[in-house]
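Chemist: Predicted model follows, preceded by the sequence.
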Amino acid sequence: LEPLLPVELVDERGTTLAARRRYWELFPARGWRQLLPLGLRQPPRDWDDVVAQLLLERRLGRDLPRHVAAGGA
């Protein structure tokens, strides 16, 4: 992509754990999952979208709003 766009490397250290925490902020646990300590909770789906959002926020230096469609993640 370098001829078309500038390429920027992004430090991804810690994004998996940070995204897992953010996932539960965005989509609070329900039922029995809310009884588990945060460190033991695993999101019920892939959370790559949350990781991507965190990387963008780090690059931009600000939080991005997230709009969740009714009835889903």
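Modeler: Cool, the structure landed. Residues are numbered from 1 along each chain as shown.

Chemist: which residue sits closest to W47, ignoring its sequence neighbours?
Modeler: Nearest residue to W47, sequence neighbours excluded (CB to CB, 6 or more residues apart in numbering): Y23, at 4.7 Å. C-betas here are computed from N, CA, C, even on glycine.

Chemist: Next: A18.
Modeler: Nearest non-adjacent residue to A18 (CB to CB, 6+ apart): L54, at 5.6 Å.

Chemist: Check whether that neighbour sits in a helix, strand or coil.
Modeler: Following DSSP: H, G, I helix; E, B strand; the rest coil, L54 is assigned to helix.

Chemist: Name the SS class of the residue nearest to W47, please.
Modeler: Strictly by three-state DSSP, Y23 counts as helix.

Chemist: do you know how far it is from V7?
Modeler: 28 Å (CB to CB, to the nearest Å).

Chemist: again, but for A29
Modeler: A29 sits 38 Å away from V7, going by CB to CB.

Chemist: quick one, which of the two is more surrounded?
Modeler: Applying other CB atoms under 10 Å to A29 and V7 shows that A29 carries more neighbours, namely 15 against 7.

Chemist: That'll do, ta.
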